[in-house]
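Peer 1: Here is a sequence with its predicted model. Questions after.
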Amino acid sequence: DDWRNLMCVWCVQGLHAVDNALVTPSMAGYIDSLGGSRALYGTSISLFWSARLVCLPLFGLYVDSFPFKHAFIASLMLGVIGGFIYAAATPLAMVNLIPIGRFVLGAGAGVAGASMAFIATTAGRKGQTRALGITQAVFHTIE
């Protein structure tokens, strides 16, 4: 049962890792196709990581008082909203939506700290090192 719970968290973290691994390399072409600049590309990347950095402790503080489930749902919702904003840049011909979408996605990716806390508490004393090791190995390889 503990491993099933961990799989859910790994899926949430995996979505953020895959998003970053696939979107970041292709984003330069996307921005260019909408008439944006390399500066906008750099800003978009920076906003993702800045939002993640700011939200890491916020999600951590949240799960100190509320269920982990709520944090994971909020993370997924931010991911969906950020993805829609990012994708809306093309039909709306508004290249400036790209950094906004990446910022919102980065905020959702801030759940990583709460994910680590969940894994540490769920895996139990015996499985904790193995579960955290697997998590770090897999997601740092993807990112």
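Peer 2: Arrived safely, thanks for sending.
Peer 1: Can you point out the buried residues in the helix or strand harbouring residue 119?
Peer 2: Per DSSP states H and E: residue 119 is located in helix 112-122. For helix 112-122, the neighbour count (16 or more other CB atoms under 10 Å) marks 112, 113, 114, 115, 116, 117, 118, 119, 122 as buried. From N, CA and C alone the C-beta is placed, and that goes for glycine too.
Peer 1: again, but for stretch 15-24
Peer 2: 15, 16, 17, 19, 20, 23.
Peer 1: Could you do stretch 23-40 as well?
Peer 2: Buried residues in stretch 23-40 (16+ other CB under 10 Å): 23, 27, 28, 30, 31, 34, 36, 40.
Peer 1: Against residue 107, how distant is the closest residue to residue 100 other than its chain neighbours?
Peer 2: Leaving aside its sequence neighbours, residue 100 sits nearest to residue 85 (CB to CB, 6 or more residues apart in numbering; 5.4 Å). Counting by CB to CB, to the nearest Å, the gap from residue 85 to residue 107 is 12 Å.
Peer 1: Have a look at the two and say which one is more surrounded.
Peer 2: Ranked by neighbour count (other CB atoms under 10 Å), residue 85 and residue 107 place residue 107 first, with 24 against 20.
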